[in-house]
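Student: here's a sequence, model it:
(one chain, ligands or ions: 1)
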Amino acid sequence: MTDIVPTVEGLAFGGDYNPEQWPREVWDEDIALMREAGVNIVTVNVFSWAGVNPAADVWEFGTLDDIMDLLADGGVKADLATSTASPPPWFSQRHPDTLPVDPEGRRLNYGARAEYCPHAPAFQEAVVEMASKLAERYAGHPALAMWHIGNEYYRSCYCDHAAAAFRAWLRERHGDLDALNHAWGTTFWSQTFTDWEQVLPPRISAETPNPGHVLDFKRFSSDALLKLFRSEAEAVERHSPGVPITTNLMVTGDFSGIDYHKWGEHLNREDRLVATDHYLIPEGPIEAEAQVAFGADASRGLARGGPWLLMEQAANSSAWRGGYFAKKPGEQLRHSLSYVAHGSEGAMFFQWRASRYGAERWHSAMLPHGGPESKTFREVKTLGDWLGRLAEVKGSVVQSKAAILLDFESVWASATPGQPSGHMAPYPELRRWHAALWRRGVTCDLAGPAWDLSRYDVVFAPSLYLLDDDANLRRFVEGGGTLVVGPYSGIVDRNDHVHPGLPGALRELLGVRVEEFVPLREGQTVALDDGTEGHAWSEIVRAEDAEAVVGYTDYPGGPAIFRRSLGEGLVWYLSTRPTDLNPLFDRLDLHGEFPGLPEGVETVRRTHEDGRTYLFAINHTERPSLIPIKGTDLLTGASWTPRTHLHANSAAVIRETQ
Ligand code: GAL
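Tutor: Okay, the predicted model is just below:
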């Protein structure tokens, strides 16, 4: 965990800056407009490999020198990227074995970006060389504020390099072939390996692949990217010690290719910073504001409540999200402030100036094609002004008392082939719970099931398919916490072997015994005897050492929702997915700090170590609302009383009077 002080004053505000796409005279206009907007940091050199290293052993730093000097002279800091996310054609042509291979054995060609195999030795060497050269040259440059390794790591590969690296990783994890055969359950369908050379990545096969194999390959692929990140980060640290290092993750609610909890261990420490990109999903049941809160709370979780940074968002539309999604007036401002409310140390964008060419020429930018006389740029300037006024908020943290458990291995395991239902994917369910809590005004972290949970009063595990044992959750409950567990949780161990006796690892803790699953069809619901209903899933389930609180009215009959006191705490089990979560939250007496506030009026508090508190109040609705506290609104400087109205579609950040 790190603070980007003193290299950036106040909160970070800026975006990706790609001046190499523009003639020199535009650069001067850029700096002038950045200053006008209050931009204090930009991410440069993300996709400039071809410029810096245009041929083997040829290094040309002139353009980057000019960019860094221009920024230093203009008083704008640089988040300097290592440019390794997009090897240029000369590199791929020289090292064809670095081009990635898909599960069907097709080698992808160059022509876009991220065309690399993370396991190819030539690529691994090249990125360390690139990171070292850049760090050597720019360590100590007055513009340098932070190092930005790669870009949105996600690539996986199924080539022969991948096969060799996978075998080495498996030997490390499992030891010998017998252990691997056991872990993958290879006696099923006669898949027993007798020689390590027989073990391959899960390339396309004739029928349903082995789920243990698929799961280990996910772990391996995530670890390989982490190794790549670490190799660059360590090279940078050798030559440019003491400068914060980050990379832009995608902790947003719809990407689960990486085990971010493992990555968090390497980002959440001295001189490193958790950063994420977030592009909202314009369609679906969860509105944009709740999506913002989910991405932010997941990032804060990864930073274990400490500082993190929103590295990229769209100033207006993200054309590639499918369909044109234009932000309404004020929307970008409310969203940006919401990220800061939830703990981000700033608000950054992709990108500063809209590109005239290339795949993302229609992706929105802080400075759109329409120029500075535009709604988007006017709002960018307002945001710059707001963030400038919020400098004193920096370093304060959000202290949530509730958490939702997110586990990437569990997400992967529940997506392996051959599941009993196609409607039990964890991510949409976690987002649904989070959105319901957000609408109620309850701020919550996304936390890992193995983390120390003692800071929370209530922990929700709506969907936790893979769980080795109940020890950590039991500790939380016995220590006085309330745990709420959703169906199809605790079912398999780390190898995706079904625990004997359902619900597996959680059976004793929950005090229930599941006889059988009764999955529901798309759109089908099941009535409960408190007047509510469940969907997606139901169970024939019996209480063993728990109290049945709600029952099924229809088939499968019998109890549906259970409660059990244990130690100082309580544990609940839901054997179906409640369609409306509010009755459950009512039973738990769970409310936000201001229960009278309408849905869509968001309040989040950030607290400094010295006790200063800031209430962010963001009105995402069309009606004014009262926020019953006293203090000063930092955005306007005006005093705030319990009778002050928060206008429709607006925000206030109130330094509270103690
Ligand atoms: C991010 C990526 C950026 C840019 C942006 C907008 O995922 O890091 O380079 O592509 O999306 O699409």
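Student: C-alpha only now, for contacts and for neighbours.
Tutor: OK.
Student: how about the residues of the stretch 301-450 of the chain by the ligand?
Tutor: Phe350 (C-alpha under 6 Å from any ligand atom).
Student: my guess is Pro449 contacts Asp470. True?
Tutor: No. If you go by C-alpha atoms under 8 Å, Pro449 and Asp470 don't touch, sitting 9.5 Å apart.
Student: contact partners for the residue nearest to the spatial centre of the chain?
Tutor: Note on the chain: the residue nearest the mean C-alpha position is Val251, at 0.9 Å, using C-alpha atoms, centre = their mean. Residues near Val251 by C-alpha atoms under 8 Å, 6 or more residues apart in numbering: 260, 276-278, 295, 298-299.
Student: can you say which of those residues are buried?
Tutor: Buried members of the contacts of Val251, counted by 16 or more other C-alpha atoms under 10 Å: 260, 276-278, 295, 298-299.
Student: just flag the most distant two among these.
Tutor: Tyr260 and His278 (14.7 Å; C-alpha to C-alpha).
Student: which SS class is the closest residue to Thr579 other than its chain neighbours?
Tutor: Residue nearest to Thr579 in three dimensions, not counting chain neighbours: Gly534, with 5.2 Å by C-alpha to C-alpha, 6 or more residues apart in numbering. For Gly534, the assignment made with DSSP: H, G, I helix; E, B strand; the rest coil gives strand.
Student: Gly534 pairs with what?
Tutor: Val526, Pro578 (DSSP bridges).
Student: what's whichever helix or strand Arg475 is part of packed up against?
Tutor: Counting by DSSP states H and E, the element that carries Arg475 is helix 471-478. Here helix 471-478 touches strand 482-485, strand 569-574, going by 3 or more C-alpha pairs under 8 Å, 6 or more residues apart in numbering; DSSP states H and E.
Student: for the ones you listed, which one sits closest to the ligand?
Tutor: The minimum distance between the ligand and these falls on strand 482-485, with 33.2 Å, by C-alpha to the nearest ligand atom.
Student: burial check on the residue of the stretch 201-350 of the chain found nearest the ligand, number of neighbours?
Tutor: Closest contact between the stretch 201-350 of the chain and the ligand, by C-alpha to the nearest ligand atom, is at Phe350 (5.6 Å). Neighbour count of Phe350, defined by other C-alpha atoms under 10 Å: 25.
Student: do the same with Gly105
Tutor: Gly105 has 13 nearby residues by other C-alpha under 10 Å.
Student: and if you look at Gly395?
Tutor: 22.
Student: element containing it, please.
Tutor: Using DSSP H and E, no helix or strand contains Gly395.
Student: tell me the spacing between it and the ligand.
Tutor: 26 Å (C-alpha to the nearest ligand atom, to the nearest Å).
Student: and stretch 178-194, how far out from the chain's middle?
Tutor: Centroid displacement of stretch 178-194 relative to its chain, using C-alpha atoms, centre = their mean, to the nearest Å, is 34 Å.
Student: same check on stretch 118-125?
Tutor: Mean-position distance between stretch 118-125 and its chain equals 26 Å (C-alpha atoms, centre = their mean).
Student: could you give me the buried positions within it?
Tutor: Going by neighbour count (16+ other C-alpha under 10 Å), the buried part of stretch 118-125 is 118-120, 122-124.
Student: CA atoms only: put that stretch into PDB for me.
Tutor: C-alpha atoms of stretch 118-125 as PDB (Å, rounded to 0.1, in the frame of the first residue of the first chain):
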ATOM      1  CA  PRO A 118       3.300 -14.800 -21.300                       C
ATOM      2  CA  HIS A 119       5.400 -18.000 -21.300                       C
ATOM      3  CA  ALA A 120       7.600 -17.300 -24.300                       C
ATOM      4  CA  PRO A 121      11.200 -16.800 -23.100                       C
ATOM      5  CA  ALA A 122      11.900 -14.100 -25.700                       C
ATOM      6  CA  PHE A 123       9.000 -12.100 -24.600                       C
ATOM      7  CA  GLN A 124       9.800 -12.500 -20.900                       C
ATOM      8  CA  GLU A 125      13.400 -11.300 -21.600                       C
END
